[in-house]
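Trainee: Take a look and give me a structure for this.
(chains A, B and C)
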Amino acid sequence: MAHLTILRTYAERVDPNTLPPTVKLCHSDASVTIFDKYPKAHFHFILIPFIRAPLTAANLRDLRSLLQLPREQAKALLQTIRRDALAAKALVEAEMLEKYGCTWGIQLGFHSVPSLEHMHLHIISTDFRGEYMRSKKHLNSFHPSLGFFIHLDDVLSWFGPDIEPTWFAMKSDLDKKEHEKLLKEDMTCPGHCDKLFKTMPKVREHLRGVFDSTVKAAQKAMEAASNVPIDDLGDSEVTVGTKRKHDDPPETTQAEGADGSASDGPHPSKKQQTVSSSTDLPEDP
DNA sequence: GTTCTAGAAC
DNA sequence: GTTCTAGAAC
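Mentor: Now for the predicted structure:
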């Protein structure tokens, strides 16, 4: 294994303002959200909570260590993470609108068995068409209902006052071995059709089709809406995927790129400069 | 013959 | 976490 603590350097960063826009999407007093270096979807970010007293690096190692904290302390941090994640999500949705003329799903959650140290929340669009979505393990780790990907709102629901067994039951349910087994499960569509797939190329082909038709339908709906009498629309302005603020290559309608990897558009806003200062760490999972 | 996966190496 | 590649699958 290799350098698994890269995310902690972000968590300890004194001033997130020094991070270039190629690395950082946004930050707050409590967290910074960066581009995932190996995106598994069109939009894929990682939210990293800062290490701030009274919390220590050990407390923030991962979701498990966080859940060892006094209940209210853990709950408070998760709520702060949620607040920041929703802000980031709003930025992503604006970006979607500008880039594609519509928005679609974004899921917020943790990997039950993360590969890198320091807890990080994935903010990932549910197209799952990133260039680095390449293996069964990748797909299963983000599959919304398989169980390896733990939705933030599910974690927060464990703190609910009503349901008796939740807190301790859910904590003990976070068994590493059991979760790792999930990564080996057969591949099914991470959307809602539950199709079963034998190989990743088939998955990718399917996801491409789903995405293309989803976006097409959404754009059509928005165009239709924009033709509706103005007072029904308010002041919303519809932009249908014409701007190219970001450097996305044109969508392939045939097979994937020559090397078998998808040639999805890279992340938004990731263009201008290449920063190589040692203080910038465009690394992560 | 080529495609694809999965495990070792990093 | 990714890359590389042997050999399984087709």
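
Trainee: number of nearby residues for A:Ser213?
Mentor: Neighbours of A:Ser213 under the rule other C-beta atoms under 10 Å: 10. Every residue, glycine included, has its C-beta placed from N, CA and C.

Trainee: what helices or strands is the one helix or strand it maps to leaning on?
Mentor: Element membership for A:Ser213, per DSSP states H and E: helix A:200-226. Contact partners of helix A:200-226 among helices and strands, from 3 or more C-beta pairs under 8 Å, 6 or more residues apart in numbering; DSSP states H and E: helix A:71-100, helix A:136-142.

Trainee: The ones you listed into TSV, with extra columns for mean neighbour count and mean pLDDT?
Mentor: Below are the helices and strands packed on helix A:200-226 laid out as TSV (neighbours: other C-beta atoms under 10 Å; pLDDT from 0 to 100):
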stretch	mean neighbour count	mean pLDDT
helix A:71-100	18	96
helix A:136-142	20	98
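
Trainee: For A:Gly160, which of those is the nearest?
Mentor: Nearest to A:Gly160 among the helices and strands packed on helix A:200-226 is helix A:71-100; the distance by C-beta to C-beta comes to 10.2 Å.

Trainee: got the angle for that closest one vs helix A:200-226?
Mentor: On the basis of axes from the mean of the first three to the mean of the last three C-alpha atoms, to 10 degrees, helix A:71-100 is oriented at 70 degrees to helix A:200-226.

Trainee: helices or strands next to helix A:71-100 in the packing?
Mentor: For helix A:71-100, the packing partners by 3+ C-beta pairs under 8 Å, 6+ apart are strand A:24-27, strand A:31-35, strand A:44-49, helix A:63-67, strand A:106-111, strand A:121-125, helix A:152-157, helix A:200-226.

Trainee: Distance from the chain centre to the shortest one, please.
Mentor: Going back to what we said before, that points to strand A:24-27. In this view, strand A:24-27 has its centroid 13 Å away from the chain centroid, taken as C-alpha atoms, centre = their mean, to the nearest Å.

Trainee: Sheet-wise, list the partners of it with their directions.
Mentor: Strand A:24-27 pairs in its sheet with strand A:31-35 (antiparallel), by DSSP bridges.

Trainee: now the partner strand and strand A:44-49, what's the angle there?
Mentor: Using the same axes, to 10 degrees: strand A:31-35 against strand A:44-49 is 160 degrees.

Trainee: got a list of contacts for strand A:31-35?
Mentor: A:10, A:13, A:16, A:19, A:22-27, A:44-50, A:80-81, A:84-85, A:88, A:123, A:267, A:270, A:282, A:284 (C-beta atoms under 8 Å, 6 or more residues apart in numbering).

Trainee: what about it, near DNA strand C?
Mentor: No. Counting by C-beta under 7 Å from any atom of the strand, DNA strand C is not contacted by strand A:31-35; separation bottoms out at 12.8 Å.
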